[in-house]
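> show me the folded form of this:
(chains A and B)
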Amino acid sequence: MSKYPIDGKYGKYGGRFVPEVLMAAITELEEAYSSFKNDTDFKNDLKYYLADYAGRPTSLYYAENLTKKIGGAKIYLKREDLAHGGAHKINNTIGQALLAKRMGKKRIIAETGAGQHGVATAMACAVLGLKAEIYMGVEDIRRQKLNMFRMELLGAKVHPVKSGSKTLKDAINEALRDWVTNIESTYYLIGSVVGPHPYPMIVRDFQNVIGNELKKQFLLKEKKLPDALVACVGGGSNAIGTFHPFAENLDVKLFGVEAAGKGIKSGKHAASLGAGFEGIFHGMLTYVLQDKEGQIQNTHSISAGLDYPGVGPEHAFLKALKRAQYKTATDKEAVDAFCLLSQEEGIIPALESSHALAFAIKIARKMNKDKTVVVTLSGRGDKDVEEVANYLREKNE
Amino acid sequence: MSKIEKVFQILKTKEEGALIGYLTAGDPNPKITPLLANSLIRGGVDILELGIPFSDPIADGPTIQAASLRALKAGTTPNQVLEIAGEIKKKQKIPIVILTYYNPIFRMGLENFFRLSKKYGVDGVVVPDLPIEEAHKYLETSKKYGVDTIFFATPSTSEQRLMKIIKSSSGFLYLVSQFGVTGTRETLQNSTVELIKKILPKTTNQIPLAVGFGVSKPEHVKLIVETGAEGVIVGSAFVNIIEKNQKNINKMLGLIEDLAYKLKESTKGDP
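As a prediction, the model looks like this:
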């Protein structure tokens, strides 16, 4: 698996389906990345910021209360919620912002859905002295108003996006339009393992820190590898970061969990791998939620971070190889898991991560007590408290 | 020689540039598109470019984004756009170019798309999110059906890439005038003139060069043709007229014809 991408592709997935004007920029990025990624100074800088600034390594926590409550396999949590900013997003933004700085780019643009990537971009740019401009759909701003203020507080400029469905996909569209206009001065800091090559590779490489740490920590605690890894999948960056270092450990089962929203049959979901078709979107060949004419569909999930009609091409490849299995959790299942973890462990998980947790609980229950499941808790749920309160209120009315 | 190339050749003998007029098909609804096409043709457009509306047009500015949305709301499908092209072709000899993002083609299947394109008389295809690196099968299939493939050159395209792009292109080469998305602009930048001068020596006697993105006024057209480009592509300026006159179709058709006429006159050298 580590040899992929080959010529920008994961099997047949991935590629670079972008306007000609961007080809020079993504080629420049690919060349810069391949020259810096093994550069000692670059690696030291990255290591320094991940440790002293972002607070890595994040802990691997044995959720003993939850395990006892469920009564099956031991459940561990990889605590990305403890990383600076409250999510795994900082791993990528620090890496790419350092790269942008080395490339001499002073203006950074990024898209954000829930606001986590926008916040993490704003943080990385603040600490590294770069100018950040963030595109965010007005529907997402409505759902995550505080994150918009957080970004502004961190010195970033937020551009509300009013086109299309006014969510993450449209924020990416606007960021791409900005990039084709300001290509010479601007670095596009994409937030997940999506987009044209080399982005899915670069973001994966920076997120691999999750799986690499997890492996070491788990070996220390259990003297073996886990039986299963579970992570949520929107674009899929925390999942790839978790899975990739284990891709060749075939005894470790990999489960990606997509948002089933109000149920797959309702059509109101964001399960690209589970219910989508192969297509070309945002520069990549991958699974896409689309109609029979190839128009991209609007998605629904209670978690803004999973609300995306595409998915990283490496996930499409892992699905094709049957190396990973892709499952779903509904809004309701996610909220249940959100509440359960809060009560049992005193940890409020992000709604995104709650999808992974919901599925992990399902399989842990059926596994023997000597088995182990690790859930990547991609972020903390403070940002979601209001959304969950509203959800529970509506349910009770 | 393809029909598109023939048009450029004839215009060259007349010392005129080609006016390529763009419409998003199905905007404001599929029934009006053939009427709009007639207005463009009466005004003097040499090649007609019909866009298949797409939900996420990343290379387009607000004008064409809104047009795509109107066309999709009116229920326009890719098949329907090809049928509209066929309907226009029944009465008009004008070459038709289809502009579409890649996903609708991918979903339809390359074979199916080019087979239908051929059936309805489509002469060429432009795909803004398909660079030559990803176009291997696309090129193979288009050749099989004898449909021209129009690719882009941009201000950031290196000379080495340009040579490869010219090799893959047929019909004409679409030069993006400046960095940015589609949309009308007040003035033509000096950099556009410089860009045309830089590209022309590579395309001369190879393939006609047509310039688009931001080209919206007669004076832009005049300058581009005087600089030596063989054609201009105008889209958003026409689409703006459609947007503003949705309630008065006759006025819309008249204004489209007027603008096409003025732009066409500007492609002709001074007498």
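
> report the contact partners of residue 213.
Just so you know, I chose chain A. A:Glu213 sits next to A:Arg56, A:Pro57, A:Thr58, A:Leu60, A:Lys78 when contact means CB atoms under 8 Å, 6 or more residues apart in numbering or on different chains. Every C-beta, even on glycine, is put in place using the N, C-alpha and C of the backbone.

> oops, wrong one, chain B.
Here B:Phe213 is in contact with B:Val176, B:Ser177, B:Gln178, B:Gly180, B:Val181, B:Thr182, B:Gly183, B:Ile233 (CB under 8 Å, 6+ apart).

> the fourth one against B:Gly214, yeah?
Spelled out, that is B:Gly180. Yes. Counting by CB atoms under 8 Å, B:Gly180 touches B:Gly214, with 7.2 Å between them.

> in the chain, which spans are strands?
I'll assume chain A. Taking DSSP state E as the test, the strands found in chain A are A:9-10, A:13-14, A:60-62, A:74-79, A:107-112, A:131-137, A:157-161, A:186-188, A:228-232, A:253-261, A:277-281, A:284-288, A:324-330, A:372-377.

> that answer is for a different chain, and I need it for chain B
Counting by DSSP E, the strands of chain B are B:18-24, B:47-51, B:96-99, B:124-126, B:148-150, B:152-153, B:173-176, B:209-212, B:231-234.

> okay, the angle between the first one and strand B:47-51?
Looking back up the chat, that one is strand B:18-24. 20 degrees (axes from the mean of the first three to the mean of the last three CA atoms, to 10 degrees).

> and strand B:18-24, what does it pack onto?
helix B:3-13, helix B:33-43, strand B:47-51, helix B:62-73, strand B:209-212, strand B:231-234, helix B:236-244, helix B:249-266 (3 or more CB pairs under 8 Å, 6 or more residues apart in numbering or on different chains; DSSP states H and E).

> for A:Ala175, find the nearest of the ones you listed.
Closest approach to A:Ala175 among the helices and strands packed on strand B:18-24 (CB to CB): helix B:62-73, 14.7 Å.

> off-centre distance for the closest one?
Its chain's C-alpha centre and that of helix B:62-73 lie 17 Å apart, by CA atoms, centre = their mean, to the nearest Å.

> give the buried residues for that helix.
B:Thr63, B:Ile64, B:Gln65, B:Ala66, B:Ala67, B:Ser68, B:Leu69, B:Arg70, B:Ala71, B:Leu72 (16 or more other CB atoms under 10 Å in any protein chain shown).

> the second one contacts B:Ala25, doesn't it?
Read it as B:Ile64. No. Assessed by CB under 8 Å, B:Ile64 is found out of contact with B:Ala25, at 11.8 Å.

> that older thread, what about the contacts of A:Glu213, which one has the most neighbours?
With neighbours taken as other CB atoms under 10 Å in any protein chain shown, the top of the contacts of A:Glu213 is A:Lys78, carrying 29 neighbours.

> do you know how far it is from A:Ser59?
Separation of A:Lys78 from A:Ser59 (CB to CB, to the nearest Å): 8 Å.

> residue numbers of the stretch 1-150 of chain B in contact with chain A?
Within the stretch 1-150 of chain B, the positions near chain A by CB under 8 Å from any CB of the partner chain are B:54-56, B:58-59, B:61-62, B:65, B:72, B:77-79, B:101-108, B:128-131, B:133-134.

> buried among these? Make that a PyMOL selection.
A single PyMOL command selects the buried members of these (16+ other CB under 10 Å):
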select buried, chain B and resi 54+55+56+58+59+61+65+72+77+78+79+101+102+103+104+105+106+107+108+128+129+130+131+133+134
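
> B:Asp123: which of the helices and strands packed on strand B:18-24 is closest?
Taking the helices and strands packed on strand B:18-24 one by one with CB to CB, helix B:3-13 is closest: 5.0 Å.

> could I get the CA-only coordinates of that closest one as CSV?
Provided in CSV are the C-alpha atoms of helix B:3-13 (Å, rounded to 0.1, in the frame of the first residue of the first chain):
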residue,chain,number,x,y,z
LYS,B,3,-16.0,21.6,-40.1
ILE,B,4,-14.6,23.8,-37.3
GLU,B,5,-11.3,24.1,-39.0
LYS,B,6,-12.9,24.8,-42.3
VAL,B,7,-14.8,27.7,-40.8
PHE,B,8,-11.5,29.2,-39.6
GLN,B,9,-9.9,28.7,-43.0
ILE,B,10,-12.7,30.5,-44.8
LEU,B,11,-12.7,33.3,-42.3
LYS,B,12,-8.9,33.7,-42.8
THR,B,13,-9.4,34.3,-46.5
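
> give the buried residues for that helix.
Buried-residue list, helix B:3-13, by 16+ other CB under 10 Å: B:Lys3, B:Ile4, B:Glu5, B:Val7, B:Phe8, B:Leu11.

> mind checking pLDDT for residue 25?
As the question left the chain open, I've gone with chain A. On the pLDDT scale, A:Ala25 is placed at 94.

> that's the wrong chain, I wanted chain B
98.

> quick check: it vs chain A, distance?
13 Å (CB to the nearest CB, to the nearest Å).

> does that residue touch B:Pro53 like I think?
Yes. Here B:Ala25 reaches B:Pro53: they are 7.0 Å apart, a contact under CB under 8 Å.

> in the stretch 251-397 of chain A, which residue sits closest to chain B?
Per CB to the nearest CB, A:Gly294 is where the stretch 251-397 of chain A lies closest to chain B, at 3.3 Å.

> just give the nearest non-adjacent residue to that residue, would you?
B:Arg107 (3.3 Å; CB to CB, 6 or more residues apart in numbering or on different chains).

> before we move on, what about A:Arg150?
A:Val119 (5.2 Å).

> so who does that neighbour touch?
Contacts of A:Val119 (CB under 8 Å, 6+ apart): A:Gly85, A:Lys89, A:Thr112, A:Asn147, A:Arg150, A:Met151, A:Leu154.

> OK, contacts around the last one?
It refers to A:Leu154. A:Val119, A:Ala122, A:Met123, A:Cys125, A:Ala126, A:Ala132.

> can you get me a residue count around A:Leu153?
12.

> pLDDT wise, what is whichever residue of chain B sits closest to chain A at?
Checking chain B residue by residue against chain A with CB to the nearest CB singles out B:Arg107 as nearest, at 3.3 Å. Predicted confidence (pLDDT) for B:Arg107: 98.
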